[in-house]
Every structure is written in structure tokens, then in C-alpha cells.
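> Next come a sequence and a model predicted from it.
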Amino acid sequence: MKLSPHPETLVIFDKVSFGYAVKKILIEANFALSKQERVFFVGRNGSGKSTIFKLINSEIVPDSGDIHFSPKIKISYLNQALSYRQDVSIRNYILSAFNDSLALLQNYEKLISSPLKSKSYISEVGSLEDLIKKNDLWSIGSKVDSIITQLDLKPNQLLSHLSGGLSRRASLAKAIVTAPDLLLLDEPTNHLDLESIKWLEKYIGRLKCAIACISHDRTFIDGLADRIVDIDRGKIKSWSGNYSNYIPKKIETNRIEDHSDRLFNKKLELEEIWIRKGVKAREKRNEGRVRNLEELRNIKASKVKRLREPRIPINRSIIVPGKRMFLLTNVNYSIDEHKVLSNIKFLIHKHERIGLIGPNGCGKSTLLGVLAGLKTIDSGNLKIGTNIEIAYYNQESEVEDLSISLKDYVSDKKDYIDINGKRKHIIGYLKEFLFEPSECLSPLSVLSGGQRNRAKLAKTFTKSSNLLILDEPTNDLDIESLEALEGAINKYRGTLLVVSHDRYFLDKVINRVFAFDDKRKLVTNFYGNYTSWINQANDYIETSNSPDKQEPENSSHKIKPKLSYIAQRNLDKLLINIEKKEIKVSELIKFIGSKEFSSLDHHEMYAITLSHEATQNELDMLYKKWEELAN
């Protein structure tokens, strides 16, 4: 560890290079981090973000160059893996941050309790006492208790019993209890629900230490960053401001680079034409130009091209679904007698884009599984619309055979696949998801977690669909892949149901919110994106959580009574009638698309299309009546 020459600077990278085998991660990279600065690292998966953290944390050393540190710098590292361990209390887990100091205290207690007093005893005890006082080791217990109180944790609770959000709090407590000068955060929002992410953002915003963070959560970055650090082709580039400020600056930099490359290539092309004309290179006046050409060629060869951007295709079905996708009435679902979904009712129309939000464990993934037809409800009515083709991405599904190659997994062992009416080679398709040809032939077992998620998305999007059901599709994706996924979904002419904890992503792709509250009640009648919901939900939440009050008899806010026996019978009859009309509409659509229909004369065709239109209108009216009765 070399000391930093600047008192306000904690870490300096001076022409640092590092690589694994033939792959260069950093190439003479320069970087500096100052006290109390909040720096966020962005870049593609594999670009070197975690490598930089390992270099700062002295887990690895650079191949060349120097890393300078501030004297006596104290660094804490919160990695992205959750701290799930058996039979370890929260207090003991946080205490383990002081293991070295605790060993000193134990040694001191052992010395003073020993009946044997050696000649060097007084000197040894005195030295230990001075060291303990100097480092304030007597207060370790109170520091741990204080941080447990601050983060609202229960000291005796076992880590194995914690939710993802509480586990992240425990890890954060361990990281900051030592009062570090620099806190390294590696994907701190991974696997947290939205409320936990917002809590984490608020708490980190109050910390006084310097923060270096790797994150793909663009809203999280926007709320905290002083500076964005982009790792691009082995170089470290810095941009002041948050993510929203960084984007236009990055686009402009890329534009200037592309323009410069075009001018350079044009100049090289003209010089190549000149040399091919057979100019006598031995002539003195041409020797400099020949040397210049050689130099241009060397520059061209040494240039590292900017990585191509992902362009994610989604295979859209040519089949047109009915206007209504799902109709649920009083749907219940339980797991081992534990009710997960209770009296769920809603109607989903074609082309709606719905985001499901709520705390972890509230039933979001379960509801998607019910709508995808993978889970059977206990009671209630579930009506599925006509001509629906589903592509379902399930975050919990595991690949059974990790020895299968990436290309065979995605294409079901076919060399060609059909995407939106075009035949495409599987290698070319996977290139759109940023997989290299060599990776396409590799077994899934060698891929990282992020690469496997991309592979699962690629496989999901080969399926022809008019309904996308996506359960946490954004996990472990880098920002460029997230933006490509957003673009693909926005071009998709179908219906979307998505669970995500990425607020920026939700704002980009949804137009309706299904929100579970803390009591698992589902609100489904909000139209807008995530930010709109949050801005308007606060008043709703405050009203819902206000103390119960006895309302006067003439209050206009009386609780809606349960349906009477007759009203319930009418609702049941209405659902039966809806089902009959749905079947008739489905049969008419199927007939209109058949060869038999095309052989009819003009008058017969017209009569059938009129019948279809009339039946669809009747069905729409029945749906409207259902909404009035059910709500």
C-alpha cells in the first residue's frame, strides 16, 4: 500500500493495468477518490467494476502502475451476496467486524486474570492498555448496540430468519459500525423490494464517509451520486453529476469519437490509395509520407472499438387476442394453508402494461404464476381471454442441465429460429444479446449469473407471444442491457405484466399499477407509471393508516356492504353469460381465419363479420356490468 500524497484524497490509481490471462481489464487507468465523495461505477458486466473494488480492497494487486492510499485509511466492503447464515445472531454478526480488536481485548483479559506474573508482565499489560485506549476498544459493545438501534434491528434475531431487506440492513450495519473512511457497495439494491431500496437510499444519503458504489439501479444512482465513473475499454472516465447528467454527456462524447474515427479512416484510406499508385518510396520527398502511413496503420491496429449496443428482439405473435385478457373474481390461493392471494378481483384489457409492486412475499410472483396457468387457484373465478399466447420469464426457474451449450439451450438444439417472420441463425440472434460466438458454444455452467439471466431472456423472447409475463427481468442486467430491454418492450405490440424493483424501468414501460399493501390488499385501479403512483399513493396510504374512527350515521364514506344473496346470484349468472359470449367470439374469430370463410361469397362474409362485431359488443356490455357489480 502506497500512501496518497494528497491529504483530501483517499485513493489514487496511477496508470494501473490489470488483466486475467489474455483479457485486459484495465489499461494504464487513472482514477482518484476524495473524502466524503459519492462515486458510482457504471459499465457493462465484465468491464472491470468489481475488479476495481478488489484492487481498492487489496484483494488483488495491479499488473503494473501504482495505487496510493490515504494514511491509516479504513475501508469497509459490502458485497452483493446477502448474509444468510445459520445460528448467528445479528449482534454477534455485527461484532465480527471487530474480530481483530476483540482478540486484543481477550488477550488483555487473559493477561490480567493470569495468576502468574512474568518480569515483562507490567510492560506487556501497559502496552495493551495504551493500544486499547488509543483505538477506543472499550466502546465496541456500545457502538454495536447503537448501530443496531439506528437500523431498527433485533440483536438476538438469527440471520437465517431475516428477509432480504433486513439481511441487507444487517450487512450494512457490519460495514459501517467501524466508522470507515470509504464504504464500497457492490449492487446494494439487488433482491430488495422497493420499500427496502428507498430506505437504503435514504440511510446511505446521511452517511459522512466516502462511498464508491456499483449499481444498475438508475433511480438509486440519481438520488445519491456526485460523480459517475464509466469503465470503457480498459480506461476509467469520470463525469460530474448524477446519472441523468451523465447520459447526454456520454452520448455527446460517443458522437465526437465516431466523427473523429470517420475523419481518421478517411485520411488512412487516402494514404492507402496514394501508396497503391506505385509512388517511388525511395524518393526522399516521399519517405516522410510513407512513415506517416505506417504510423496511421499502427494507430488503427491499436484502437479498441467501442462495444456494440444490445438490440433485443421480442418474437411477436400474429394472432390477435380478444379485447379482454383476464377476468378474476374473488380468487384465492394458498400455500400449505398460508393464504397468499385473498379475494383478488380485476379485469385486464388488451395492450395494457401493468407493473406489480409490493413488499417481498406479498404474492406478486404467485399472481403471475396463476395468470400464466402454472398455479391452480383454490376458489373464485378466473376467466382467460381468447387467442392468448404467453411468453413467461420466471426468475425462480432453474436450468436443469448446465452442461448444455448456450445456443442449444436458447434454440432447443436448432440452428435457426423464426423471429417476427424472419429466419435467423441462433448465433446471430444471441449476438443481439451481447453473447460472443465462443460463449454461444460454451456450456451454461461457465456463464456468470448475469449472463444466465440474459440467456433466459433470450430463450423467453424466442416464443411467439401477444402477452409478456416477466418476473424480475432486470436482475443482474447492466445498464445498456436494461435500456435495450426497455426499448424492446416499448416496441412490443402486446400486453405486459411485469414484476420489478427497478423504479426507472417501471417508469419507462408500464401504464397501470397493481400495488399490494402491507396487508396483502391489492389496488388495481391506478393508471400511470411508478412515479405517478408514488406521488399520489402517499395520501392514500396516510388515509388508510389513520386511526380507526367511528363515522356518523350520515357519513358519505360508509364501508361498502357485502353483496346480498340475490346480487351474488346475478353476478354468478353474469359470469356464465360472459363465458358463453367469450366462446362464441372465439369460434367466430377462428372461423373468420379459416379457408372455409374465404370461400364464402361477399354477402355471407359480411353477415358473419356483423355477427362477430355484435357479439363482441354484447360481451363488452357484459364486462361493464360485471365491473359495476364486482366493484
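Structure received.
> What distance do you get for residue 304 to residue 571?
66 Å (C-beta to C-beta, to the nearest Å). Where you see a C-beta, it was placed from the backbone N, CA and C, and this is true even at glycine.
> swap that for residue 392, sorry
30 Å.
> Among these two, which residue is more densely surrounded?
The neighbour comparison of residue 392 against residue 571 (other C-beta atoms under 10 Å) goes to residue 392, with 20 against 17.
> Double-check that the more buried one belongs to a helix.
No - per DSSP: H, G, I helix; E, B strand; the rest coil, residue 392 lies outside any helix segment and is strand.
> Show me the shaky parts of the stretch 151-300 of the chain.
Where the stretch 151-300 of the chain drops to pLDDT under 70, the residues are 278-285.
> Quick one: the helices in it, in order.
For the stretch 151-300 of the chain, helices defined by DSSP state H, counting those that start in this stretch occupy the ranges 164-176, 194-206, 218-224, 243-276, 284-302.
> Output the ones you listed in TSV; the columns should cover distance to residue 95 and mean neighbour count.
Conversion of the helices of the stretch 151-300 of the chain to TSV gives the following (distance: least, C-beta to C-beta, whole Å; neighbours: other C-beta atoms under 10 Å):
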stretch	distance to residue 95	mean neighbour count
helix 164-176	9	22
helix 194-206	21	16
helix 218-224	28	22
helix 243-276	36	13
helix 284-302	52	11
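> of all the ones you listed, which lies closest to residue 421?
helix 243-276 (32.0 Å; C-beta to C-beta).
> Give the other helices and strands that the closest one contacts.
Secondary-structure packing of helix 243-276 (3 or more C-beta pairs under 8 Å, 6 or more residues apart in numbering; DSSP states H and E): strand 38-42, helix 218-224, strand 227-232, strand 235-240, helix 284-302.
> For residue 511, see how far away the nearest residue in space to residue 257 that is not next to it in sequence is.
Nearest non-adjacent residue to residue 257, counting by C-beta to C-beta, 6 or more residues apart in numbering: residue 306, 7.1 Å away. Going from residue 306 to residue 511 by C-beta to C-beta gives 34 Å.
> Reduced to three states, what does residue 26 come out as?
Applying three-state DSSP: residue 26 is strand.
> quick one: residue 399 from residue 456, how far?
The value you get for residue 399 to residue 456, if C-beta to C-beta is used, is 8 Å.
> can you pull the contacts of residue 129?
Counting by C-beta atoms under 8 Å, 6 or more residues apart in numbering, residue 129 touches residue 108.
> for it, helix, strand, or coil?
helix.
> Numbering from 49 from now on, please.
Taking 49 as the first residue, the last one we looked at is residue 177.
> ok, it to residue 156 distance?
Residue 177 is 7 Å from residue 156, by C-beta to C-beta.
> mind showing which ranges of this structure have poor pLDDT?
49-55, 129-134, 154, 157, 159, 162-172, 183, 326-333, 586-616, 675-679.
> run the last query once more with 50
For the chain, the stretches with pLDDT under 50 are 329, 589, 591-608.
> Domains in it, by residue range?
Per automatic domain parsing, the structural domains of the chain span 101-293, 299-350, 372-377+396-593, 613-678.
> can you put these in CSV and add distance to residue 76?
Formatted as CSV, the domains of the chain follow (distance: least, C-beta to C-beta, whole Å):
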stretch, distance to residue 76
domain 101-293, 7
domain 299-350, 13
domain 372-377+396-593, 24
domain 613-678, 63
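> any chance of the helices of the stretch 199-348 of the chain in TSV, plus distance to residue 236?
Putting the helices of the stretch 199-348 of the chain into TSV (distance: least, C-beta to C-beta, whole Å) gives the following:
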stretch	distance to residue 236
helix 212-224	7
helix 242-254	6
helix 266-272	8
helix 291-324	16
helix 332-350	37
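> Of all the ones you listed, which one is nearest residue 405?
Comparing the helices of the stretch 199-348 of the chain by C-beta to C-beta, helix 242-254 comes nearest, at 5.8 Å.
> now that closest one and strand 86-90, what's the angle there?
130 degrees (axes from the mean of the first three to the mean of the last three C-alpha atoms, to 10 degrees).
> Tell me what angle helix 242-254 forms with helix 212-224.
20 degrees.
> Packing partners of helix 242-254?
helix 212-224, helix 266-272.
> Out of those, flag the one nearest residue 497.
Comparing the helices and strands packed on helix 242-254 by C-beta to C-beta, helix 212-224 comes nearest, at 15.8 Å.
> what's the closest of the helices and strands packed on helix 242-254 to residue 514?
helix 266-272 (29.1 Å).
> Run through who's touching the closest one.
Taking C-beta under 8 Å, 6+ apart as the rule, helix 266-272 contacts 86, 88, 90, 237, 245, 248-249, 252-253, 259, 261, 263, 276, 290-292, 527, 530, 550-552.
> and residue 190, which of the helices of the stretch 199-348 of the chain is closest to it?
Here helix 212-224 is closest among those (C-beta to C-beta), at 14.1 Å.
> Pull the CA coordinates from that closest one and hand them back as PDB.
Extracted C-alpha coordinates of helix 212-224, given in PDB (Å, rounded to 0.1, in the frame of the first residue of the first chain):
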ATOM      1  CA  GLY A 212     -33.800  -9.800   2.100                       C
ATOM      2  CA  GLY A 213     -34.300  -6.200   3.300                       C
ATOM      3  CA  LEU A 214     -33.400  -6.900   6.900                       C
ATOM      4  CA  SER A 215     -30.400  -9.100   5.800                       C
ATOM      5  CA  ARG A 216     -29.100  -6.100   3.800                       C
ATOM      6  CA  ARG A 217     -29.600  -3.900   6.900                       C
ATOM      7  CA  ALA A 218     -27.500  -6.300   9.000                       C
ATOM      8  CA  SER A 219     -24.700  -6.300   6.400                       C
ATOM      9  CA  LEU A 220     -24.800  -2.500   6.200                       C
ATOM     10  CA  ALA A 221     -24.600  -2.300  10.000                       C
ATOM     11  CA  LYS A 222     -21.500  -4.500  10.000                       C
ATOM     12  CA  ALA A 223     -19.900  -2.400   7.200                       C
ATOM     13  CA  ILE A 224     -20.400   1.000   8.900                       C
END
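> Output the contacting helices and strands for that helix.
Partner elements for helix 212-224 (3+ C-beta pairs under 8 Å, 6+ apart): strand 123-126, helix 138-143, helix 188-198, helix 242-254.
> following the second one, which helix or strand comes up?
Pointing back at helix 138-143 there. With elements assigned by DSSP states H and E, the helix or strand that comes after helix 138-143 is helix 147-161.
> List the buried residues in that next one.
149, 156 (16 or more other C-beta atoms under 10 Å).
> tell me which strands and helices that helix is in contact with?
Going by 3+ C-beta pairs under 8 Å, 6+ apart, helix 147-161 lies up against helix 169-182, helix 188-198.
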